[in-house]
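> The sequence isn't on hand, but the structure is:
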């Protein structure tokens, strides 16, 4: 929890290729990374959701007023809120130039969450030897 300075290190093509080979040799699934001819790369990330507040999704059932044939009032948006189970995991296919905000948007679309994306944050967590 200590503040740290982020240094952006530029890797050359050979270093990127080496790191991709190392990554692909360590994973136990078919979620490999691939290097493109232009130097960019694509691959999958595993996102584990740990939300502490409920999320809102569009309501799937019509209300009693609609079922009884009553006219629908424009501007009334129905939605349902619920808690996602802790530890929910999703895999996303991303590009090397995908921004964190785009990852958040993609996750919200996958779960059809209608909450403002600015309410969410993305953190990196690294694991080594089950720690």
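On my side now, so go ahead. Note that this is a predicted model, so its numbers are computed, not measured. Numbering: from 1, shown residues only.

> Strands of the protein, start to end?
Using DSSP state E, the strands of the chain run over 34-35, 41-49, 55-58, 79-82, 88-95.

> Among these, show the one with the smallest mean pLDDT.
Mean pLDDT per stretch puts strand 79-82 lowest among the strands of the chain, at a mean of 78.

> ok, now which ones touch the residue nearest to residue 46 when sequence neighbours are not counted?
Excluding the flanking residues, the one nearest residue 46 by C-beta to C-beta, 6 or more residues apart in numbering is residue 91, at 5.5 Å. The C-beta positions use only the backbone N, C-alpha and C, and glycine is treated the same way. Neighbouring residues of residue 91 by C-beta atoms under 8 Å, 6 or more residues apart in numbering: 31, 44, 45, 46, 47.

> how does it look with 7 Å?
Counting by C-beta atoms under 7 Å, 6 or more residues apart in numbering, residue 91 touches 31, 44, 46.

> Dump the strands of the chain into a markdown table; add distance to residue 20 as well.
Formatted as a markdown table, these follow (distance: least, C-beta to C-beta, whole Å):
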| stretch | distance to residue 20 |
| --- | --- |
| strand 34-35 | 5 |
| strand 41-49 | 6 |
| strand 55-58 | 34 |
| strand 79-82 | 38 |
| strand 88-95 | 13 |
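
> Among those strands, which comes closest to residue 14?
Nearest to residue 14, of all the strands of the chain, is strand 34-35, at 10.6 Å by C-beta to C-beta.

> on that earlier part again, closest to residue 10 out of the strands of the chain?
The nearest among these, by C-beta to C-beta, is strand 41-49 at 14.3 Å.

> Thanks a lot, catch you later.
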